[in-house]
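Novice: Need a 3D model of the sequence below.
(chains A, B, C and D)
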4 protein chains.
Amino acid sequence: MPEKQRVCLAYSGGLDTSCILAWLIEKGYDVICFMANIGQEEDFDAAKEKALKIGAKQCYIENVIDEFVRELCFPAIQCNASYENVYLLGTSLARPVIARAQVKVAQKEGCQFISHGCTGKGNDQVRFELAFYALQPSIQVIAPWRIPEFYETFKGRNDLLDYAAKTGIPVTSTKSKPWSMDENLAHCSYEAGILEDPNTSPPSDMWKLTADPILSAPNEAEDVTIDFEKGLPVKISSPSQGTKTDPTELFLAANALARKHGVGRIDIVENRFIGLKSRGCYETPGLTILRAAHIDIEGLTLDREIRALRDQFVTIGWSRVLYNGLYFSPEREFLEASVIESQKSVNGQVRIRLYKGNCIVMGRSSQTEKLYDESESSMDEIGSFEPVETGGFIKVQAIRLKKYGQMKAEKGENLL
Amino acid sequence: MPEKQRVCLAYSGGLDTSCILAWLIEKGYDVICFMANIGQEEDFDAAKEKALKIGAKQCYIENVIDEFVRELCFPAIQCNASYENVYLLGTSLARPVIARAQVKVAQKEGCQFISHGCTGKGNDQVRFELAFYALQPSIQVIAPWRIPEFYETFKGRNDLLDYAAKTGIPVTSTKSKPWSMDENLAHCSYEAGILEDPNTSPPSDMWKLTADPILSAPNEAEDVTIDFEKGLPVKISSPSQGTKTDPTELFLAANALARKHGVGRIDIVENRFIGLKSRGCYETPGLTILRAAHIDIEGLTLDREIRALRDQFVTIGWSRVLYNGLYFSPEREFLEASVIESQKSVNGQVRIRLYKGNCIVMGRSSQTEKLYDESESSMDEIGSFEPVETGGFIKVQAIRLKKYGQMKAEKGENLL
Amino acid sequence: MPEKQRVCLAYSGGLDTSCILAWLIEKGYDVICFMANIGQEEDFDAAKEKALKIGAKQCYIENVIDEFVRELCFPAIQCNASYENVYLLGTSLARPVIARAQVKVAQKEGCQFISHGCTGKGNDQVRFELAFYALQPSIQVIAPWRIPEFYETFKGRNDLLDYAAKTGIPVTSTKSKPWSMDENLAHCSYEAGILEDPNTSPPSDMWKLTADPILSAPNEAEDVTIDFEKGLPVKISSPSQGTKTDPTELFLAANALARKHGVGRIDIVENRFIGLKSRGCYETPGLTILRAAHIDIEGLTLDREIRALRDQFVTIGWSRVLYNGLYFSPEREFLEASVIESQKSVNGQVRIRLYKGNCIVMGRSSQTEKLYDESESSMDEIGSFEPVETGGFIKVQAIRLKKYGQMKAEKGENLL
Amino acid sequence: MPEKQRVCLAYSGGLDTSCILAWLIEKGYDVICFMANIGQEEDFDAAKEKALKIGAKQCYIENVIDEFVRELCFPAIQCNASYENVYLLGTSLARPVIARAQVKVAQKEGCQFISHGCTGKGNDQVRFELAFYALQPSIQVIAPWRIPEFYETFKGRNDLLDYAAKTGIPVTSTKSKPWSMDENLAHCSYEAGILEDPNTSPPSDMWKLTADPILSAPNEAEDVTIDFEKGLPVKISSPSQGTKTDPTELFLAANALARKHGVGRIDIVENRFIGLKSRGCYETPGLTILRAAHIDIEGLTLDREIRALRDQFVTIGWSRVLYNGLYFSPEREFLEASVIESQKSVNGQVRIRLYKGNCIVMGRSSQTEKLYDESESSMDEIGSFEPVETGGFIKVQAIRLKKYGQMKAEKGENLL
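Specialist: All right, here's what the predicted structure looks like:
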């Protein structure tokens, strides 16, 4: 008897991937389920039990929290990553470590195929699959929501429920929320359903991670200090969280603080990689604080021209690359080397005050970096250069502008 | 008897420019004073009286509020202007209209010279003088704080007070604040003095324009709607401000709302054009709201690729140009044409909630722009393209990444 | 009897598209053939006759030469377009006008379908189809070389010859060249076949448009003058071509001159939009001269900062957009408006000497633009600014660098 | 008796710096002369003798050729450096190593001052002094051509000749050329004098380094192969030059080849850092060949996206930084790290044919890099991906463009 072909399925325990699991088995595959523990709230044991009950050969639960913080969230802080001015890439950051862990399981289990439950219109299918292909070029992807036979069979939730009933998939009686969510240690996203109307305000009971800045955040502000070395957070201290230095613990402390004070909510209409616009609501609590502190400490410690080049090319480039699912790519490697190179002098401490959605910079200092010099910058002291020199600076800058003014005048285009 | 040479002095009524006025007269110039009314709190009549008393031949007070809003603040909103991620350019935006009004007065009065009281280490001297030179290439600038004879005589406030006493300049008994301020319709800046230590938190009584988000902003949120046409705000409505459509009135309404709810404070260590770092605290109330709303409506109405190009070169370019005082320049003209071109489709309405420092987007809509399509973006509907196509999209994107993965493997650099 | 579905096929008269024509008819379509006259050497009448003989309902021959020159080649000159430093986009420039003419024919003839003979790995399929979809979003594309049924039937030239014999398609006995060519008024490309080895030198009898710079270009140099207005060539004069001012005639004169003197050959390994590398050899005679002259006149007439912004964003952006087939797109519209804005001052004359592959700038002048000023730039004259001022310019620039040197020294990183 | 102050003067042996030497001595300084041997044609011994005769305390001749090639010319090749599309930075590249050698001599000799003979309108003063200030922030610069006392005394060549006669400075009877020149191992520049009219063609006897492509270059072409490792040339071979692998020898061989075949002439109106336009003629023989070969090998071996990022920000950034004299700066360090990171895969061989000013790429290959795959790129083979996939790629790319077409149609803006 010929051996069955093996597929490694990214399994969530939910209705969709449970039906996919059953369907794959029905199609004749041996299915190995894979779950990533990336900090989301989840009953992993129940999900595993369910997978095995449905017929999975195995169900792996891989903890990728530490690598998520160190390899993705921290570089995002280092380069002030954001997409389209607003989105902090919370979902995008999680995909590379999940995909990598899944490929490892697929390889260990000798799977020729890899599968997921992403829809056929979103960014995540792209992010997962581009990672799969880079990590194992020979892998074959089964994306049921892009296979007409599958999506024409399962046209809505009811079809899935019918199939679950038919194939004995346990269904929790929980009423499905009128939006879909995706959570990891850094963030939670809310999309689809009632949110598809971009003019519908997110209901206040939607937000899961953060206190409501208006309704429930505490009336007392809280001060936090964050220390950076080479652009990476190395210590966080606050009354309620104490002091943390381990990357994951530090990140969790930042999360706890931001969640308590309602910091980090986003509502955006963004442009997906596949060319559609979509509306997303996101909570990115800790990352919001750490990023704001990082931007601030760069003001004190980073050279102007490096900052300008980094802002214009590296920040924008790295963010776009991550958003588009190109983490495992030559360009990400290249950009990340530039990020690291830019951060050599980003050493110092930032003091932040948190209060009802606000993340207010209260001050910053650096023991080692001396680019800022109070007496030199002071308007009241002469410092190391003679003000008279600035006249020459201005006159030379003006050479080109005088020509411009003259040409305008000659052409009768009055600037006044 | 030969005619005296004439100088047009940017006069503020304060100690510094009063001494400069007296000193210029002492040096043998006829001095025409110039004040711009750009929305700052100021007793213009008292200042004028003082100037004439000291010996100015004339004192002009020019209202530049409308042109400031229309020609500077509105383009800044249109291109989401910011410098070094944080600073909204409040001071920089004011300089071009002030400089232009001053050159007009200088020309009207036949002045060969133009003068100001800016220090020799700051950005403002550059901004004013580059504008002067572009607007009238033949003009000659007298910058006393860069003239050794002047700055070596007036080494501190006491020297100025002595000189005032000696020359009969009236001095108000107001105790000088331990920082310097500059205000206009869009913003107020706080610099120098105790703020020169970047780790000193701004005292809460320093902030002049905005309610304290923690201590004094109201406990009730307020909702605002802002309408945009071609990227420009054309209507604002809120319970407390009613509806405004005139640019200046609209801007003032945005200011009033933001001031009331404590929106728009900034604290930054920035890189000056002349290469020094300096610490500035800024309040930019209305602009903060209008800019946030503009960024949001672009999400709904602006094409992805135009947005990306605009973010990376126009926004950054226009902001840097304004910060560096290059408003009257070929590059600003060029960039502004690109801004306008980019905004043709930016038409729609944004709903904002203001609350204790927060400016929360609640929703957005557009009657005319249809780039966003709910059913098409919906994960639950098929819409106009077949999900099966995305597989090809991903496979083609993966061609390059598979090569990358293969090369890595061949070179023994494991991606896993 | 139901009406047949109609398809508009881009027809070349060659073996491939003749077989596609027959195959489409076999599949039950009414086929309207379309040929663009874009300046290539072609026996259009013979091709038309062949199409009708095979069974086309109609065969349109549309002359798009003038719009090709004015709408594509001229903007390419205005923005110094090139892809990956070397390729002048000869093929890419032709696609938009061809696609537009074909959609017009398709609409006139009521075709629901549109078809072409491009392969499934190249750039041209992308360029044509993206144009089709933008110009008529409802159009349906039939790309036989991407349809397994078709490409699995026709695996090589012999399968096509067999099919031609079987279906009575006339086949010329001409031996096929060991590479494929594509020609238009601006260029000829050579790809595939023996050229796929990137280390194989192009045989000297391959090049069709230009004299061999080594073997056959004349021993006498020839001088040309080219006049520009707003960055567009408006006059060309040379001994052998006389004076031309009409865009197409001017372009043809530039072509004739460059072809005679062996100017404009390119050999490159480039990166296709679909992620494969490919080797191409190209001749772009006239465009090479006009672009070189344009770059030169910009030196004399364009402001430094506009030039820098244009080079970094607009030139690179426009070129990439064209290469990737995104002519009919929001971003091309946006970029082209920036191109035009940048060129307002690009007015003047360039003198060029052509000789055996060389295109040597001999001098340039402008009657209207005065940004260059001999006496001011002269090292021997003082001109309008005092050299002493430059000291201040340098000292202020040095503020940041002195800090850099100090920090390096403090950290023990010796710059010396 | 107090010790005299010491100044280290960049001395050339010519009339200008000889007069400066005498003038500095007259002003009471002890003067240490410094000459850099950077490959220019020069009688160093005679110059040294002259310096000592005039009264220099010492005259150092420092050979900086090797560091010039390795630290400046090679990185320039690695990043395809050019300024304003045309200028290969020949002069700019030399300045950092000369300035560094001079600062070392100044330090060794305990000089508080450093001096040079650059004019007050050019780029070189900026380049030298910014390097001086970064390398030794405390150094004081004496730039006589910016000191009114000096330049008002020496208004022209005759004043210098009079002063030379008066102070016994030996003057060679050589008639001065009607332009000024600056030479180093990589290039020779021609500026000023008759060249200040941008429409004056350079006389054919002006060019010093290269054979005239029209009048004197040989009638026989010569083939060269150049090998690259990590983007750096590591071997050059040709019939006339044999094989060289040492960086300086390799560079000299490239020079010899290019000089013989008339390769590397440039004529440009460029924008100086100080805002003036100026006309320069340059010969950069070897660098032209090596850069062309490097651009070509990148086509075969460099990833598309790294190339695009590198072209748009690193190449342009590094070139501008070098042109503006900012070699010793944070941003150059940052950019150079990015250059090196980008070049890891740039390994291979390029074959070039030289003929009368032409530098023709004949082919290229790489033993190690496999990004290019003949069979995969082949139009005649299926390779590793199914052409059918490209349909999906195009359809997804078209989503955005169809919306664009629809919006255009709705707004009555016909694209056809």
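
Novice: Tell me the pLDDT of the spatially most central residue of chain A.
Specialist: Central residue of chain A (C-alpha atoms, centre = their mean): A:G90, 2.4 Å from the mean position. Looking at A:G90, its pLDDT stands at 97.

Novice: The nearest residue to it once chain neighbours are set aside and chain B: what is the separation?
Specialist: Nearest non-adjacent residue to A:G90, counting by C-beta to C-beta, 6 or more residues apart in numbering or on different chains: A:H187, 2.6 Å away. From N, CA and C alone the C-beta is placed, and that goes for glycine too. In this view, A:H187 and chain B are 17 Å apart by C-beta to the nearest C-beta, to the nearest Å.

Novice: Show me what A:H187 is bridged to.
Specialist: With DSSP bridges applied, A:H187 shows beta-bridge pairing to A:N184.

Novice: could you pull out the strands for chain A?
Specialist: Remark: strands assigned in chain A by DSSP state E are A:6-10, A:30-37, A:58-63, A:113-115, A:140-142, A:180-184, A:187-191, A:222-229, A:232-238, A:242-244, A:265-271, A:277-283, A:348-355, A:358-365.

Novice: now those in TSV, with mean pLDDT and mean neighbour count?
Specialist: Formatted as TSV, the strands of chain A follow (pLDDT from 0 to 100; neighbours: other C-beta atoms under 10 Å in any protein chain shown):
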stretch	mean pLDDT	mean neighbour count
strand A:6-10	98	25
strand A:30-37	98	25
strand A:58-63	98	18
strand A:113-115	98	26
strand A:140-142	96	17
strand A:180-184	95	19
strand A:187-191	96	23
strand A:222-229	98	20
strand A:232-238	98	21
strand A:242-244	98	14
strand A:265-271	97	22
strand A:277-283	97	24
strand A:348-355	98	23
strand A:358-365	98	22
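
Novice: can you list the domains in chain A?
Specialist: Structurally, chain A divides into domains by automatic domain parsing as follows: A:6-66+A:89-176, A:181-302+A:343-365, A:384-410.

Novice: Let me have those domains in CSV, adding distance to D:L160 as columns.
Specialist: Listed next are these as CSV, based on distance: least, C-beta to C-beta, whole Å:
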stretch, distance to D:L160
domain A:6-66+A:89-176, 64
domain A:181-302+A:343-365, 47
domain A:384-410, 25
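
Novice: so which of the ones you listed comes closest to B:K408?
Specialist: Of all the domains of chain A, domain A:6-66+A:89-176 sits nearest to B:K408, with 8.3 Å by C-beta to C-beta.

Novice: quick one: the residue of the stretch 1-150 of chain A found nearest chain D from A:V126, how far?
Specialist: With C-beta to the nearest C-beta as the measure, A:P137 is the residue of the stretch 1-150 of chain A nearest to chain D, at 8.6 Å. Separation of A:P137 from A:V126 (C-beta to C-beta, to the nearest Å) stands at 17 Å.

Novice: Look up how far B:L89 lies from the residue nearest to A:G90.
Specialist: Distance from A:H187 to B:L89, by C-beta to C-beta: 31 Å.

Novice: Please apply the same query to A:G405.
Specialist: Look at A:G405 and B:L89: by C-beta to C-beta, they are 23 Å apart.

Novice: I'd like the distance between the residue lying closest to A:H261 once chain neighbours are set aside and C:S201.
Specialist: Nearest residue to A:H261, sequence neighbours excluded (C-beta to C-beta, 6+ apart): A:L354, at 3.9 Å. Separation of A:L354 from C:S201 (C-beta to C-beta): 67 Å.

Novice: cool, A:K244 as well?
Specialist: 64 Å.

Novice: Just confirm A:I295 contacts B:Y87, I think it does.
Specialist: No - A:I295 is beyond contact range of B:Y87, at 11.3 Å (criterion: C-beta atoms under 8 Å).

Novice: Can you tell me the closest non-neighbouring residue to A:V346?
Specialist: Excluding the flanking residues, the one nearest A:V346 by C-beta to C-beta, 6+ apart is A:G231, at 3.9 Å.

Novice: so who does that neighbour touch?
Specialist: Counting by C-beta atoms under 8 Å, 6 or more residues apart in numbering or on different chains, A:G231 touches A:77-78, A:294, A:298, A:339-340, A:342-343, A:346.

Novice: out of the residues you listed, who's nearest chain B?
Specialist: Nearest to chain B out of these is A:E298 (C-beta to the nearest C-beta; 8.3 Å).

Novice: between the lengthiest helix in chain A and helix C:387-410, how big is the angle?
Specialist: Criterion DSSP state H: the longest helix present in chain A is helix A:387-410. Taking axes from the mean of the first three to the mean of the last three C-alpha atoms, to 10 degrees, one finds helix A:387-410 and helix C:387-410 inclined to each other by 130 degrees.
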